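Visitor: sequence unavailable; structure follows:
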């Protein structure tokens, strides 16, 4: 009998310790279950969920904005959409406009599908306006070549009028340099040789470096 009492006496601390651990665990579970997400945390999460993709989308559109294409072949019009970006070279001022641009354009034209175009343009700024003369207007002329990597290879010349903002304006919608343009392209479709005309209206961006 003494041995039994001694055994129960030794088990008592272990039982109390187990009971205490279970109580602590239950308290933690209850606290976690009762924890409420604040309105601020909800708004912060929603802001991140909406703001991050929106910022990425705006940055992408700022670097490669869209334009509308009306492409004429065999005197028949074909609609399309294009995205254009460029590397330009200008003077050494902070708010500068390009004097030369190497233009990269991706277009999707109905009945011709994808097309990539590379152009070299000479830009002439005719005037500037606005605070610190950060806006301007001018003319551009140059040569271009395009392909859809199948049967459509093109070369030609292009002329455009534009209005836009200078490089280095510290706002997401105005960075980098942008042109709102109306562009006329004339050229030839190779193999077989055939004359084509294209009207391009929309926006273009340019990372304009110092010469």
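Guide: Alright, I've got the coordinates. Only a predicted model underlies this, so the values are computations on that prediction, with no experimental measurement involved. Residues are numbered from 1 along each chain as shown.
Visitor: for the most centrally placed residue in the chain, give me phi and psi.
Guide: A centroid search over the chain (CA atoms, centre = their mean) returns residue 60, at 0.3 Å, as the residue closest to the centre. Note on residue 60: its backbone torsions stand at phi -60, psi -50 [degrees, to the nearest 10].
Visitor: and it, how far is that from residue 183?
Guide: 22 Å (CB to CB, to the nearest Å). (C-beta placed from N, C-alpha, C; glycine too.)
Visitor: please apply the same query to residue 173.
Guide: Applying CB to CB, the value for residue 173 to residue 183 is 22 Å.
Visitor: higher neighbour count, those two?
Guide: Taking other CB atoms under 10 Å, residue 173 and residue 183 do not tie; residue 183 has more neighbours (26 against 10).
Visitor: can you give me the neighbour number for residue 76?
Guide: 8.
Visitor: now do the domain split for the chain, please.
Guide: According to automatic domain parsing, the chain comprises the domains 2-55, 65-210.
Visitor: tell me which of those domains sits most buried.
Guide: domain 65-210 (a mean of 17; mean count of other CB atoms under 10 Å).
Visitor: avg pLDDT for that one?
Guide: Throughout domain 65-210, pLDDT has a mean value of 94.
Visitor: which residue packs closest to residue 98, ignoring adjacent ones?
Guide: Once flanking residues are discounted, residue 98 sits nearest to residue 88: 3.1 Å by CB to CB, 6 or more residues apart in numbering.
Visitor: got phi/psi on residue 50?
Guide: Residue torsions, per degrees, to the nearest 10, at residue 50 are phi -90, psi -40.
Visitor: now residue 57: which helix or strand?
Guide: Using DSSP states H and E, residue 57 maps to helix 39-63.
Visitor: circling back to that earlier point, ok, now how distant is the residue nearest to the centre of the chain from residue 98?
Guide: 21 Å.
Visitor: do a quick rundown of the strands in the protein.
Guide: Counting by DSSP state E, the chain has strands at residues 66-73, 76-90, 98-109, 113-129, 135-147, 153-165, 177-190, 194-210.
Visitor: neighbouring contacts of the first one?
Guide: When contacts are taken as CB atoms under 8 Å, 6 or more residues apart in numbering, the neighbours of strand 66-73 outside the stretch itself are 77-84, 107, 109, 112, 181, 189, 194, 196-204.
Visitor: who does that strand pair up with?
Guide: Strand 66-73 sits in its sheet next to strand 76-90 (antiparallel), strand 194-210 (antiparallel), going by DSSP bridges.
Visitor: can I get the ones you listed in TSV with distance to residue 47?
Guide: Supplementary listing: the strands paired with strand 66-73 in TSV, determined by distance: least, CB to CB, whole Å:
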stretch	distance to residue 47
strand 76-90	28
strand 194-210	27
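Visitor: the ones you listed: which one's closest to residue 148?
Guide: strand 76-90 (11.4 Å; CB to CB).
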